[in-house]
Structure formats: C-alpha cells, structure tokens
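Enquirer: okay, structure incoming, though there's no sequence with it:
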Ligand code: BV8
C-alpha cells in the first residue's frame, strides 16, 4: 500500500543543534513569560521587548555553530526517497529543516527569518535585527513590521492543508514535542481518526504519549535516523 506520511516536529528536534527548547530545564519559557513576548497583546504593550526577544533568537540562528543535525538530515533523505505522499509540519520557527533539504514543509507557527508588514501584508525574508523604526522593503512603511510568528491566541498557519493531510494519512510520526500546545497536540488524534498508524519519537514520553500506537525514546539525532532507515527498509 502506498504510505501517506505526515510528520510533526517540535523544538526537541533542534535541541542537539544548539537551539533551546521551551519547557525543558533552561528552556525559553523558563526565562521569558509567554505573556510578555509571545502574544499580540505583548507586542502592542511593549514592541521593543518583543522585537528584542526575536532579534536575540534570530542572531543565534545565524551563528555558524547552529546547523541541521542528523535528525533533520534523516527527514530530508526520507522525503527524497519516499514513494508516496509526504508532508513535514513543524512547530519550529528555525530554518534547520530547509537547510537540511526538506521541501514539503509547513511552518505552522511561522518563521524566525521573516517579518510581516501590517500595512501592505507582504512577508519579507529577514535575517538581521528589526525594531519599530525598520521600514518595510515593499511599501516603506515604518513601525508596521511584526515577526512572522504565530503568537498564543493566534491561528496557526495553513491549517486547511494540515487537516487535509491528516485526514488521509496512513502513517503519522511526532518528533521532539511535549504535546502541550494546541492545536498541534491534537494532530495525533486527527491522524488516528483517519486510521493512521501513529508513532512518537521523543527524548521522553510526551503529554500525549498514550495516544500513540508505537514509540521510541532517546535523542532525536539517534532515534530518528534509525527509524527512517527502518521505514525505508520495510518499504
Ligand atoms: C490558538 C511561536 C485559537 C512562538 C508558539 C488551554 C487548553 C488548551 C489550549 C489552550 C488553553 N489556553 C490557551 C490555549 C491555546 C494555546 C495553547 O495551546 N496553550 C498551551 C500553552 C496550553 N494555543 C494557542 O494559542 C494557539 N492558537 O489556539 O488559536 C484561535 C482560534 C480561532 C481563531 C484564532 C485563534 C497558537 C499556539 C502557537 C503559539 N506559538 N510558537 C515562538 O516560537 O516564539 S508555540 C510554542 O510551543 C513553541 O514555539 C513551540 O512551537 C510550541 C510547542 O513546544 P515544543 O516544540 O513541544 O517544545 P517543548 O519545549 O514544549 O518540548 C520539547 C520536547 O522535546 C520535550 O518533549 C522534550 O522531551 C523533547 N526533547 C528535548 N530534547 C530532545 C527532545 N526530543 C528528542 N531529542 C532531543 N535531543
């Protein structure tokens, strides 16, 4: 049978590349409050703090030491060899999947290296700092650029495409996510509803661990390449 594969990743897949996760010890939400930096209200209240929070993370992503790890590369190779339909959905705002070669990719929570103009609506690639004085490269408006990031209380991106893929999936794999944030945490239930075989690959059991048919635990750079090799061998 042709397998229709849908994969969901979270910050755990980028941890071994040197990017902090959110809820692990030392994680981002241990150092910043979501209400201060990751909601529309936070941006309205203190745009400078929010610009700085994302500037800091965008600068870190540009450091030479930050690069795709074996797990990102294994998913790109799996996509290149996969005979059926393939979709990679990431909650991550880093670009390590693209840099590893992934193509059929949806950033449901947005992208760190993009700014959206609230005046003209264009989404601009951006890999340097931004602040309230930064002008939109398309319409030149200033003070109207926001991080192209889905904040809490905002609708994640491309949800129609995501649910269309989940409703016809035969195999769903969740990698490196705590299963705490909705609606991503609900994708495994949608895939099960469609009759998909569901797999969790994570450092430790996530909040939704009991929903998966199969699981393997350990660092993504070890368990993801191993699982991908097995998938391609099983055909
Ligand atoms: C929405 C961008 C509605 C920001 C992010 C009460 C109940 C249910 C839901 C809610 C509720 N109250 C509020 C909500 C809704 C809310 C939500 O789910 N809140 C949670 C906290 C309860 N959700 C939303 O607001 C969403 N929008 O609901 O809209 C709506 C409806 C109609 C119309 C309009 C609106 C929007 C959510 C998106 C928020 N933005 N990201 C940024 O990045 O700055 S989400 C944030 O959490 C992160 O960005 C990340 O994407 C996401 C998930 O985190 P994880 O990736 O899972 O990371 P975490 O640290 O949690 O876990 C890491 C895992 O990796 C761990 O399991 C660890 O064991 C593992 N790991 C670590 N190292 C490794 C590893 N695994 C393998 N190898 C390793 N080496």
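Expert: Good, I have the coordinates. Remember, it's a predicted structure, so these values are computed and weren't measured experimentally.
Enquirer: only C-alpha atoms from now on, for both contacts and neighbour counts.
Expert: Will do.
Enquirer: need the contact partners of the lengthiest strand in the chain.
Expert: Longest strand of the chain, by residue count under DSSP state E: strand 110-117. Strand 110-117 is contacted from outside by 54, 57-58, 91-95, 122-127, 136, 144-150, 156-157, using Cα atoms under 8 Å, 6 or more residues apart in numbering.
Enquirer: try it again with 7 Å
Expert: With contact meaning Cα atoms under 7 Å, 6 or more residues apart in numbering, strand 110-117 is reached by 58, 93-94, 122-127, 136, 144-150.
Enquirer: just the buried positions in that strand, please.
Expert: By neighbour count on 16 or more other Cα atoms under 10 Å, the buried set for strand 110-117 is 110, 111, 112, 113, 114, 115, 116, 117.
Enquirer: starting at the chain centroid, how far to that strand?
Expert: With Cα atoms, centre = their mean, to the nearest Å as the basis, strand 110-117 stands 13 Å off its chain's centre.
Enquirer: can you check stretch 113-127 too?
Expert: Relative to its chain's centre, stretch 113-127 lies at 18 Å (Cα atoms, centre = their mean).
Enquirer: with stretch 8-24 instead?
Expert: Relative to the mean C-alpha coordinate of its chain, stretch 8-24 is positioned 9 Å out (Cα atoms, centre = their mean).
Enquirer: what does stretch 172-188 give?
Expert: With Cα atoms, centre = their mean as the basis, stretch 172-188 stands 10 Å off its chain's centre.
Enquirer: list the buried residues in it.
Expert: Buried residues in stretch 172-188 (16+ other Cα under 10 Å): 172, 173, 174, 175, 176, 177, 178, 179, 184, 185, 187, 188.
Enquirer: pull out the buried residues from stretch 41-54.
Expert: Buried residues in stretch 41-54 (16+ other Cα under 10 Å): 42, 43, 47, 50, 51, 54.
Enquirer: distance to residue 75 and pLDDT for these - can I get that in a markdown table?
Expert: Converted to a markdown table, the buried residues of stretch 41-54 look like this (distance: Cα to Cα, whole Å; pLDDT from 0 to 100):
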| residue | distance to residue 75 | pLDDT |
| --- | --- | --- |
| 42 | 35 | 98 |
| 43 | 34 | 97 |
| 47 | 36 | 97 |
| 50 | 32 | 97 |
| 51 | 31 | 97 |
| 54 | 27 | 97 |
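Enquirer: closest to the ligand among these?
Expert: For the buried residues of stretch 41-54, the closest approach to the ligand (Cα to the nearest ligand atom) belongs to residue 54, at 7.3 Å.
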